[in-house]
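Peer 1: Got a predicted structure plus its sequence, pasted below:
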2 protein chains.
Amino acid sequence: MEFTEKTLSTRRIHEGRIINLREDTIELPEGRTGKREIVEHKGAVCIVPVLPDKRVIMVRQFRKPCEESLLEIPAGGLEKGEDPADCARRELREETNQATGNMTHLFSCFLAPGYSTELIHCYLAEDLREEAGTPDEDENLNVEIYELEELLAMCDDGRIKDAKTIAALGMLYRRNNF
Amino acid sequence: MEFTEKTLSTRRIHEGRIINLREDTIELPEGRTGKREIVEHKGAVCIVPVLPDKRVIMVRQFRKPCEESLLEIPAGGLEKGEDPADCARRELREETNQATGNMTHLFSCFLAPGYSTELIHCYLAEDLREEAGTPDEDENLNVEIYELEELLAMCDDGRIKDAKTIAALGMLYRRNNF
């Protein structure tokens, strides 16, 4: 059984800086109609930067929707037409002042598929070398460096509470155990 | 250095069924002002249901924002005032017709902390027994059962592309390796 939800009409609600919002009226498989609120987002990348000594570079920043500072892997939004791997290199430099000689795609995923179109591409960055980037004016980041084992413990005890970060650290752990 | 973003004013944009949208004008640390688009969500739970033979129960459903069917762990939204663990038991029954004798909190995380308030609580459900639930009218789910190793391979090759699912499977893998 394969279900789809055909769009009958669309109401545009908000055209914003980071996101748009629309409401689709859809046809459900049984012929009934329904509504779907959909946040439109251009997509994003995130990067697990691993130093030669195997420690991981993290960033901490205040996240207004959460009203607290979160410890996350570096990440950022795709610019129009930008290749995700180029975006990952750019964000890595902007946020951590590191260039990478070896980048591997780990996974791509939707962050909140119930209501958001945002697809994020996750990369492992190795063979790092310092190379100053130009930070984003609107961001205030602190860089922090940890052992992977400590980061995994932080996922368990709630010190890390960001989905892409937990996903990326879990996949890195698995890769190291292969 | 600890940064915060003080709210100067709020513009309400949308009051919806699943989400609301507002735009906050904020004071940045340097005294400049900025805007933050914020999707308000009541929060959610997700569950990794593990059968006695160690296989994992998954659900596949069409996700309108993604315009495709995604394979995910069971999940659902918190009702007003609902305890997350109670919600997890309810969603597990509704989506998979299973009751659990043993539920463990794995992690809690924000799905898209750049623009959404949604916090999701993830549980491991074991000691499962069949117990018919009442499916959500608006959902069309297919239940599928897999070995964990196959699910992890599906995170690598793109057959699974849901952040909470990749995070949960990674943390389950790590738990099993402890």
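Peer 2: Perfect, thanks for sending it. Numbering: from 1, shown residues only, chains lettered A, B, ... in the order given.
Peer 1: Could you give the residue of chain A that lies closest to chain B?
Peer 2: Closest approach between chain A and chain B, counting by C-beta to the nearest C-beta: residue A:170, at 1.8 Å. Where you see a C-beta, it was placed from the backbone N, CA and C, and this is true even at glycine.
Peer 1: Name the residues of the helix or strand containing that residue that come out as buried.
Peer 2: Using DSSP states H and E, the element containing residue A:170 is helix A:163-177. Buried residues in helix A:163-177, counting neighbours by 16 or more other C-beta atoms under 10 Å in any protein chain shown, are found at A:163, A:164, A:165, A:166, A:167, A:168, A:169, A:170, A:171, A:172, A:173, A:174.
Peer 1: In terms of pLDDT, where does the nearest residue to the residue of chain A closest to chain B once chain neighbours are set aside sit?
Peer 2: Of all residues not flanking residue A:170 in the chain, residue B:170 sits nearest, at 1.8 Å (C-beta to C-beta, 6 or more residues apart in numbering or on different chains). If you check residue B:170, the pLDDT there is 98.
Peer 1: Please name the residues that touch residue B:170.
Peer 2: Each residue near residue B:170 by C-beta atoms under 8 Å, 6 or more residues apart in numbering or on different chains is listed here: A:166, A:167, A:169, A:170, A:171, A:173, A:174, B:152, B:155.
Peer 1: So what sits opposite the spatially closest residue to residue A:4 that is not a sequence neighbour in the bridge?
Peer 2: Spatial nearest neighbour of residue A:4, chain neighbours left out: residue B:62 (5.5 Å); criterion: C-beta to C-beta, 6+ apart. Bridge pairing for residue B:62 (DSSP bridges) gives the partners residue B:69.
Peer 1: can you pull the contacts of residue B:62?
Peer 2: A:3, A:4, A:5, B:68, B:69, B:140.
Peer 1: With residue A:143 instead?
Peer 2: Residue A:143 neighbours (C-beta under 8 Å, 6+ apart): A:57, A:58, A:59, A:60, A:95, A:96.
Peer 1: Let me know the closest of those to residue B:84.
Peer 2: Closest approach between the contacts of residue A:143 and residue B:84, by C-beta to C-beta: residue A:60, at 25.5 Å.
Peer 1: okay, that closest one: pLDDT?
Peer 2: On pLDDT, residue A:60 comes in at 97.
Peer 1: Read off the pLDDT value for the nearest residue to it once chain neighbours are set aside.
Peer 2: Of all residues not flanking residue A:60 in the chain, residue A:142 sits nearest, at 4.5 Å (C-beta to C-beta, 6+ apart). Listed pLDDT for residue A:142 reads 95.
Peer 1: Kindly report the same for the one 4 residues further on.
Peer 2: Residue A:146 carries a pLDDT score of 98 in this model.
Peer 1: Then the one 5 residues further on?
Peer 2: pLDDT recorded at residue A:151 is 98.
Peer 1: And for residue A:135?
Peer 2: 73.
Peer 1: wait, residue A:37 sits on residue B:19?
Peer 2: Yes. Here residue A:37 lies in contact with residue B:19, judged by C-beta atoms under 8 Å, at a distance of 5.4 Å.
Peer 1: Identify the contacts common to those two.
Peer 2: Common neighbours of residue A:37 and residue B:19 are listed as residue A:115 (criterion: C-beta under 8 Å, 6+ apart).
Peer 1: rewinding a little: nearest to residue A:75 among the contacts of residue B:170?
Peer 2: residue A:167 (11.7 Å).
Peer 1: Run through the strands of chain A in chain order.
Peer 2: For chain A, the strands defined by DSSP state E cover A:6-15, A:19-27, A:33-41, A:44-49, A:56-63, A:68-72, A:75-77, A:98-110, A:119-130, A:142-146.
Peer 1: most packed of those strands?
Peer 2: Among those, strand A:44-49 has the highest mean neighbour count (mean count of other C-beta atoms under 10 Å in any protein chain shown), at a mean of 25.
Peer 1: Let me know the angle separating it from strand A:98-110.
Peer 2: Between the axes of strand A:44-49 and strand A:98-110, defined by axes from the mean of the first three to the mean of the last three C-alpha atoms, to 10 degrees, the angle is 130 degrees.
Peer 1: Tell me the gap between strand A:44-49 and the middle of its chain.
Peer 2: Put simply, strand A:44-49 sits 7 Å off its chain's centre (C-alpha atoms, centre = their mean, to the nearest Å).
Peer 1: same check, this time on stretch A:43-50
Peer 2: 7 Å.
Peer 1: I'd like to check what contacts that stretch. Which residues are they?
Peer 2: A:56-57, A:72-78, A:84, A:87-88, A:91-92, A:96, A:98, A:100, A:103, A:106, A:117-126, A:128, A:164-165, A:168-169, A:172, B:114.
Peer 1: same thing but at 7 Å, please
Peer 2: A:56-57, A:73-78, A:84, A:87-88, A:91-92, A:96, A:98, A:118-126, A:128, A:164, A:168, A:172 (C-beta atoms under 7 Å, 6 or more residues apart in numbering or on different chains).
Peer 1: Please apply the same query to stretch A:116-123.
Peer 2: Here stretch A:116-123 makes contact (C-beta under 7 Å, 6+ apart) with A:38-41, A:43-47, A:84-85, A:88, A:103-112, A:164, A:168, B:65-66, B:112.
Peer 1: got any ranges where chain A has weak pLDDT?
Peer 2: By pLDDT under 70, the weakly predicted segments of chain A are A:1-2, A:137-138, A:178.
Peer 1: quick one: furthest residue from the center of chain A?
Peer 2: Distance from the C-alpha centroid of chain A peaks at residue A:31, with 35.9 Å (C-alpha atoms, centre = their mean).
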